[in-house]
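> Here you go, sequence then predicted model.
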Amino acid sequence: MARRPASRSRYHDRVVARARVGGRVGRVVSRAACLLVALSLSQPPRASAAAPVDAAASRRQALHNAGQERFDAGDYQGALDLWIEVHDSLPPDPELAAYRAVLLHAIASAAQKAHEQGAGDEPVRRAHGVIERDLDPARGVEDGGITPRDREPLASRDQELQRLLGPSTSAPAAATTAAPVEGPTSSAPAPRAGPQLLRYMHLTPGILAFNLEDTSWLGYVYGFGGGGMWTFAGPSKFAVALGGAFEHWLYLPELEKRHIIALGAELRLGTARERWFAYAMTGINLNIHHTKVLNQLLPTQTFTMVGGGFPIVVGVWWIVFRGLYLGTELGPDFTFRSSTDALGSKTLNLVIPFQWKALLGWRF
């Protein structure tokens, strides 16, 4: 075998060494490039995938906040509608189970408040249907249900709603969830519950008052009243309010100073909705008329008359914030006054003034 020259052998060894070093560097560069490509491919397209999720969450948050604003303003029916819409838009995500429970408590509170305002059984029935569906033991958190920790408090709230609807809906949860519920308003209607009792009190502030019988009289009035108000479920939303009132009228006709103190009972019959109550009112009053006649030429004369009044007026209350309402009433007051003439004979006079007054009250 021929022996190769030493110079060629050294050249060959250098080439092989360079090739080996180059191969190692190439492999390192190649692996680094592959790693960078893998990392770039592993990053999800956040802008395109998160945009719909963020938009849906933002819309739910906006609806939830709008519902809270309506609840704070006393529009409980409006809050209920918005919160049920939020509930229906929730995806079956286990991470939203805690928020779902909070939302169900809010729905129950709005329904109870709307029921107390005279909205009838429909808000309670809707809330009961929503909570009943999520309380179904067959629904886990991955199916849009609630956690076991939140089940007992919500079951208690649902029982409160069932008591408002009547005894026929107070069956155990297993029995009420046997039939499928397709929506928040698809539960079977319950028999009409008894009348719902509310309470009210109002002030007749010390403002300028007009007695339309004689427009030359300038008067002021203040007073207060209160009582109970019963609302009946049904299309007519019939309502009855029974209470009492005290008023002090001060009239200043020419050359006179007249005080009228009225104390009596009032009956209002009408139609009640969520935010207003339109009615006709009648009652019976005990009136005390104290008059002082001012005359520079004659001595001052004072006399007192006792009589009764039977007002027949129409009015309306309008809730402006929570239970705070403004009202106005207009109508005649059939007033009987006893008087004594110069000969000592007592007479009974009928006077029919028209009165227009304002009310500031609270319904609770």
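That came through, no problem. Residues are numbered from 1 along each chain as shown.
> Low-confidence bits of the stretch 201-350 of the chain, can you list those?
Along the stretch 201-350 of the chain, segments meeting pLDDT under 70 span 207-218, 233-236, 253-254, 296-298, 339-344.
> go with 50
Judged against pLDDT under 50, the stretch 201-350 of the chain has no low-scoring part.
> just the stretch 1-150 of the chain next, same as before
Short version for the stretch 1-150 of the chain, where the test is pLDDT under 50: 1-50.
> What residues sit buried inside stretch 148-168?
Using 16 or more other CB atoms under 10 Å as the test for burial, stretch 148-168 gives 150, 151, 154, 157, 158, 161, 162, 164, 165. Backbone N, C-alpha and C define where each C-beta goes, glycine included.
> In CSV, list the residues you listed along with secondary structure.
As requested, these are exported to CSV (DSSP: H, G, I helix; E, B strand; the rest coil):
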residue, secondary structure
150, helix
151, helix
154, helix
157, helix
158, helix
161, helix
162, helix
164, helix
165, helix
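> For these, give me JSON lines that also has distance to residue 195.
Below are these laid out as JSON lines (distance: CB to CB, whole Å):
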{"residue": "150", "distance to residue 195": "34"}
{"residue": "151", "distance to residue 195": "33"}
{"residue": "154", "distance to residue 195": "28"}
{"residue": "157", "distance to residue 195": "23"}
{"residue": "158", "distance to residue 195": "23"}
{"residue": "161", "distance to residue 195": "18"}
{"residue": "162", "distance to residue 195": "18"}
{"residue": "164", "distance to residue 195": "12"}
{"residue": "165", "distance to residue 195": "14"}
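> Out of those residues, flag the one nearest to residue 274.
Closest approach to residue 274 among the buried residues of stretch 148-168 (CB to CB): residue 164, at 15.9 Å.
> Show me the strands in the stretch 51-200 of the chain, by range?
Secondary structure of the stretch 51-200 of the chain, counting by DSSP state E, counting those that start in this stretch: strands at 196-211.
> before we move on, the earlier item: quick check, nearest of the buried residues of stretch 148-168 to residue 127?
Nearest member of the buried residues of stretch 148-168 to residue 127, counting by CB to CB, is residue 161, at 5.8 Å.
> Can you give me the pLDDT of the closest one?
pLDDT for residue 161: 90.
> where's the residue nearest to the spatial centre of the chain relative to residue 289, distance?
Nearest to the mean C-alpha position of the chain, by CA atoms, centre = their mean, lies residue 76 at 1.9 Å. To residue 289, residue 76 is 45 Å away according to CB to CB, to the nearest Å.
> picking that back up, looking at the buried residues of stretch 148-168, which one is closest to residue 221?
Checking those against residue 221 with CB to CB, the nearest one is residue 164 at 39.0 Å.
> How far does stretch 151-160 sit from its chain's centre?
Relative to its chain's centre, stretch 151-160 lies at 21 Å (CA atoms, centre = their mean, to the nearest Å).
> same check, this time on stretch 147-158
23 Å.
> Please list the residues outside it that contact it.
97-98, 101, 104-105, 108, 128, 131-132, 134-135, 141, 146, 173 (CB atoms under 8 Å, 6 or more residues apart in numbering).
> Can you select the buried ones from those residues in ChimeraX?
To isolate the buried members of the contacts of stretch 147-158 in ChimeraX, using 16+ other CB under 10 Å:
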select :97,101,104,108,128,131,132,134,135,141,146,173
